[in-house]
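# A predicted structure for the sequence below; I have some questions about it.
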Amino acid sequence: MMGVLNVTPDSFSDGGSHFEVTSAIAHGIKMQREGADVIDVGGESTRPGSTRIEAQEELHRVLPVVSALVAAGVHVSIDTMRAEVARECVIAGACIVNDVSGGLADQAMYAAVAQLDVPYVIMHWRGHGAVMNSMANYVDVSAEAIGEIHDRLVAATEAGVDPDVIIVDPGLGFAKDPDDNWKVLNQLAGLVDLGYPVLIGASRKRFLGSLLAASTGEPRDLAERDAATNAISAIAAATGVWGVRVHNVQSAVDAVLVGQAWARGRQ
């Protein structure tokens, strides 16, 4: 169970809610108490349309939070596309690097991760927030996403990343139209079959808002997408994924327990 902690003013769901350091630390500890195994700290929004910030600003946002959470006994992952930020946060105690670009945004990332020797999340990604929507062009989205993740796996291992530390993520909501996300989820077993732990991050995303839209066509409010998120978490757990990344930890824990029990019953 990975709890989302965005230390940003502009992330799509909770941007600004925990931008202040004290609030971010308190929320991270709260999510751990609710059942999160890892708190995923991010200092740069990757929502569609977002623009990049400087590396020093990203470090300024995340380092105090990472350090304080680690000191409080919380397991922390750092959500970053920059090798410099990954390195500094692991030195500060982060135990996972979660790179939504899968190494494409920073050519130094694979070498850094190989040296750091911590678990590394490789996500399916085609471009930054400002351009990602224009890159949602597929013939077979599931097969292409899996193929592109495979290419990243080859590149990472050739650069020295230990394959035993790699986790893969299909990148729901990243360069994917709403229907694309459902197709990827429908073929989730194919991603699991790659043999790597799989992380799913569907929490409150736009494709859920579209699914739950009112009769007027207005997407469901972000905070009212948790039940749909939990449904995906339960199904993902039953499919055999390694983890789910969520905003509402408490209800997601219940959903994952249901999914795990379902899988045991099938066996």
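Good, I have the coordinates.

# in the chain, which residue is closest to the centre?
Of all residues in the chain, the one closest to the mean position by C-alpha atoms, centre = their mean is G201, 4.9 Å from it.

# For L208, see how far away that one is.
Look at G201 and L208: by C-beta to C-beta, to the nearest Å, they are 12 Å apart. Where C-beta positions appear, they are placed from N, C-alpha and C, glycine not excepted.

# and if you look at A159?
Counting by C-beta to C-beta - A159 and L208 are separated by 35 Å.

# Could you do V192 as well?
Taking C-beta to C-beta, one finds V192 at 22 Å from L208.

# now the strands for the protein?
Assignment of strands within the chain using DSSP state E yields the ranges 2-6, 38-42, 76-79, 96-99, 120-123, 166-169, 199-200, 243-246.

# Can you check which of the ones you listed gets nearest to A227?
strand 243-246 (12.0 Å; C-beta to C-beta).

# list the helices and strands the closest one packs on?
strand 2-6, strand 199-200, helix 226-239, helix 249-266 (3 or more C-beta pairs under 8 Å, 6 or more residues apart in numbering; DSSP states H and E).

# remind me which residues of the protein are low pLDDT?
10-17 (pLDDT under 70).

# isn't A236 right up against V244?
Yes. With contacts counted by C-beta atoms under 8 Å, A236 reaches V244, the gap being 5.8 Å.

# what residues are shared contacts of the two?
200, 202 (C-beta atoms under 8 Å, 6 or more residues apart in numbering).

# the more surrounded of the two?
Counted by other C-beta atoms under 10 Å, A236 and V244 do not tie: V244 has more neighbours, with 26 against 23.

# contacting residues for that one?
1-2, 199-203, 232-233, 236-237, 252, 256.

# let's see it at 7 Å
1-2, 200, 233, 236, 252, 256 (C-beta atoms under 7 Å, 6 or more residues apart in numbering).

# okay, now the residue nearest to D79 when sequence neighbours are not counted: neighbour count?
Leaving aside its sequence neighbours, D79 sits nearest to G42 (C-beta to C-beta, 6 or more residues apart in numbering; 3.3 Å). For G42, the number of neighbouring residues by other C-beta under 10 Å comes to 24.

# Repeat that for Q107.
10.

# Please apply the same query to N137.
With neighbours defined by other C-beta under 10 Å, the count for N137 comes to 11.

# Over to the one 3 residues further on?
Using other C-beta under 10 Å as the criterion, D140 is surrounded by 11 other residues.

# So A159 and L208 - more neighbours on which side?
Legend: neighbour count by other C-beta under 10 Å for A159 and L208, higher for L208 (26 against 16).

# That one is in contact with A223, isn't it?
No. Contact criterion C-beta atoms under 7 Å: L208 and A223 do not qualify, at 11.8 Å.

# What are the boundaries of the helices in this structure?
21-34, 55-71, 83-91, 109-116, 141-158, 178-186, 188-192, 206-211, 226-239, 249-266 (DSSP state H).

# For R47, which of those helices is the nearest?
helix 206-211 (8.8 Å).

# Can you list the buried residues in that closest one?
206-209 (16 or more other C-beta atoms under 10 Å).

# Could you export it as CSV, CA atoms only?
Extracted in CSV, the C-alpha atoms of helix 206-211 (Å, rounded to 0.1, in the frame of the first residue of the first chain):
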residue,chain,number,x,y,z
ARG,A,206,-9.4,11.6,-14.9
PHE,A,207,-10.7,8.4,-16.5
LEU,A,208,-12.6,7.6,-13.3
GLY,A,209,-14.0,11.1,-13.3
SER,A,210,-15.2,10.5,-16.9
LEU,A,211,-16.7,7.1,-16.0
